[in-house]
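> Predicted model follows, preceded by the sequence.
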Amino acid sequence: MNILVTGAGGQLGNEMQLVAKESKDSFIFTDVCEGYTHLDITSLEDIRKMVKENDIRCIINCAAWTNVDAAETAGDIVETLNATAPENLAKAMKEVGGLLVHVSTDYVFGGDPYNTPCKEDQKGTPTGVYGLTKLHGEEKIIATGVNHIILRTAWLYSEFGKNFVKTMLNLTATKPQLKVVFDQCGTPTYALDLAKAINHIVENRLFEGNSGIYHFSNEGVCSWYDFTVKIARLAGNTECNIQPCHSNEFPSPVTRPAYSVLDKTKIKETFGINIPYWVDSLETCMRNMGALKD
């Protein structure tokens, strides 16, 4: 099967490139930056042309506007990238009877207080533009009637690009003291684990008859403070005094979800996926980065 990957230059897109090397399917990696086949996913006609010329039967959409704070003031472009573009991809796949795999976010939740893992059918209550536009994207995909796998994930990190792990590795190595919020809980997700899950579903054609929304993050629960402490200890950065603090000590234009742990029962039972514990995956990533202390 010929597969098109959008947002190939991002964290998940880069991990998909690694996973694709072991796949029996054929991949075309696209982005708007240099080094990739150029594709403007805001243009339905451009997508249709790409699909027709390359006989694409599956699109894995890794592209999105992901700057949560900047989304509040960026204007229409956020809705265009997070909702209209996925709708375009869905329409193009619907027209050829193909599959759309779309990556969404835990930020579709957050507006209601809760302390149990979020399930797929739980009502979306986003607290900011980013979460709202990602929720709109999900709704627009479903409305097209395309065969789809929507994967909500959370706290994504990898060896590639800018992310929380890289930031904390630098700060805990260079700062004598650091404050990190402890009142926001979720689960870190190693992008390589998500890429492997996507490939498992697609390569084995497990998506057939299983259209829907699924949750994927690594196993376990932690706060950003816990996450930072573990990063520092694995790297051997013991000189930094890491202190827990409340979210209100770091004013932000967006109220982030206080508890966005994702229930992963559905994806494990439907596709037979074994999901690693977040600490184990963090160790793997840091080892791949050369940041793990022996």
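Noted; the coordinates are in hand. Since the structure is predicted, the reported quantities are computational estimates derived from the model, not experimental observations.
> Output the lengthiest helix in the chain in CSV with nothing but the alpha carbons.
The residue-count maximum for a helix in the chain (DSSP state H) belongs to helix 129-144. Listed next in CSV are the C-alpha coordinates belonging to helix 129-144 (Å, rounded to 0.1, in the frame of the first residue of the first chain):
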residue,chain,number,x,y,z
VAL,A,129,-7.7,27.7,20.8
TYR,A,130,-5.3,24.8,20.3
GLY,A,131,-7.5,22.2,21.9
LEU,A,132,-10.7,23.6,20.4
THR,A,133,-9.3,23.6,16.8
LYS,A,134,-8.0,20.0,17.3
LEU,A,135,-11.5,19.0,18.5
HIS,A,136,-12.9,20.7,15.4
GLY,A,137,-10.5,18.6,13.3
GLU,A,138,-11.7,15.4,14.8
GLU,A,139,-15.4,16.4,14.1
LYS,A,140,-14.7,17.4,10.5
ILE,A,141,-12.9,14.1,9.8
ILE,A,142,-15.7,12.0,11.2
ALA,A,143,-18.3,14.1,9.3
THR,A,144,-16.8,13.1,5.9
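> my read: residue 218 touches residue 273, true?
No. Contact criterion Cβ atoms under 8 Å: residue 218 and residue 273 do not qualify, at 11.7 Å. (Each C-beta comes from the backbone N, C-alpha and C, glycine too.)
> Show me the helices in the stretch 151-294 of the chain, by range?
Taking DSSP state H, counting those that start in this stretch as the test, the helices found in the stretch 151-294 of the chain are 164-174, 191-203, 224-235, 265-271, 278-289.
> So between residue 218 and residue 273, which is more surrounded?
Comparing residue 218 with residue 273 by other Cβ atoms under 10 Å, the one with more neighbours is residue 218, at 24 against 17.
> Contact partners for that one?
Contact partners of residue 218, counting by Cβ atoms under 8 Å, 6 or more residues apart in numbering, are 187, 188, 189, 190, 193, 275, 276, 277, 278, 281.
> hey, where'd the strands end up in the chain?
Residue ranges of the strands in the chain, as given by DSSP state E, are 2-6, 26-31, 37-38, 58-61, 99-105, 147-153, 156-157, 177-181, 185-186, 189-190, 212-215, 222-223, 241-245.
> Which of these sits closest to residue 260?
Evaluated over those, closeness to residue 260 peaks at strand 185-186, with 4.5 Å, by Cβ to Cβ.
> how far out from the middle of the chain is the closest one?
Distance of strand 185-186 from the chain centroid (Cα atoms, centre = their mean, to the nearest Å) equals 15 Å.
> Not counting it itself, show me its contacts.
By Cβ under 8 Å, 6+ apart, the surrounding residues in contact with strand 185-186 are 106, 154-155, 217, 221-223, 257-262.
> same question, stretch 60-80
3-8, 10, 12-13, 16, 31, 41-42, 81-82, 85-86, 89, 100-103, 107, 128-130, 133-134, 136, 198, 202, 252-254, 256.
> What subset of those residues is buried?
Among those, the ones that count as buried by 16 or more other Cβ atoms under 10 Å are 3-8, 10, 12-13, 16, 31, 41, 81-82, 85-86, 89, 100-103, 107, 128-130, 133-134, 136, 198, 202, 254, 256.
> TSV for the contacts of residue 218, including neighbour count, distance to residue 114 and pLDDT?
TSV is the format used below for the contacts of residue 218 (neighbours: other Cβ atoms under 10 Å; distance: Cβ to Cβ, whole Å; pLDDT from 0 to 100):
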residue	neighbour count	distance to residue 114	pLDDT
187	25	15	97
188	25	20	98
189	24	20	98
190	28	25	98
193	25	25	98
275	19	21	98
276	17	25	98
277	12	23	98
278	24	20	98
281	22	25	98
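> about what we covered before: for the strands of the chain, which one sits closest to residue 121?
Proximity to residue 121 (Cβ to Cβ) singles out strand 212-215 among these, at 8.0 Å.
> Appreciated, that's everything.
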